[in-house]
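*Asks:* below are the sequence and a predicted model; questions follow.
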Amino acid sequence: MSGAKGKGTFRCSRCHLSCRFDYFGQRPPFQTALILLEDAYVMKDPFSPDERQLVLGSHCSVCQQPVCVGTGCSVFYTKRFCLPCVLAKADEFPEEIRKEVESKNTEDIQRFE
Ligand SMILES: [Zn+2]
Ligand SMILES: [Zn+2]
């Protein structure tokens, strides 16, 4: 992934969520205290007066496909993994992660308070 910073449209390769993003990277400029654990697509929350941000997604560290953070598309376990990559290497993940993937019940979008 070459650091494509700046605005554009994020598209999840799994659920086809498509959403405008304001920043790609690890240190969104909107909230200086926040450092993400991965390069991620971030948008300013249009419904939040203090410009909180929403993390939309990132790239799977194995197949490099863009995947959103929720709706059963990816998990974060030291790095971002899309579900097919987790399932392909299920023995390398702890049980919690496998259960999470199997249940596919993750929240739609992570919120940073
Ligand atoms: Zn998705
Ligand atoms: Zn993958």
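*Replies:* In hand now; what should we look at? Ligands and ions are numbered 1, 2, ... in the order given.
*Asks:* can you give me the helices for this structure?
*Replies:* 83-88, 95-103 (DSSP state H).
*Asks:* tabulate those helices (JSON lines), appending mean neighbour count and mean pLDDT.
*Replies:* The C-beta positions use only the backbone N, C-alpha and C, and glycine is treated the same way. Shown next, in JSON lines, are the helices of the chain (neighbours: other CB atoms under 10 Å; pLDDT from 0 to 100):
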{"stretch": "helix 83-88", "mean neighbour count": "17", "mean pLDDT": "93"}
{"stretch": "helix 95-103", "mean neighbour count": "14", "mean pLDDT": "85"}
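*Asks:* which one of those helices lies nearest to ligand 1?
*Replies:* helix 83-88 (9.3 Å; CB to the ion).
*Asks:* and the closest one, how far from the chain's centre?
*Replies:* Between the centre of helix 83-88 and the centre of its chain there are 15 Å (CA atoms, centre = their mean, to the nearest Å).
*Asks:* what helices or strands is that helix leaning on?
*Replies:* Judged by 3 or more CB pairs under 8 Å, 6 or more residues apart in numbering; DSSP states H and E, helix 83-88 is in contact with strand 74-77, helix 95-103.
*Asks:* ok, it near ligand 1 or not?
*Replies:* No - using CB under 5 Å from the ion, we find that helix 83-88 stays clear of ligand 1, coming within 9.3 Å at best.
*Asks:* so, low pLDDT: which residues of the protein?
*Replies:* 1-5, 32, 71, 104-113 (pLDDT under 70).
*Asks:* which residues of it lie near ligand 2?
*Replies:* So the chain meets ligand 2 at 60, 62-63, 82, 85 (CB under 5 Å from the ion).
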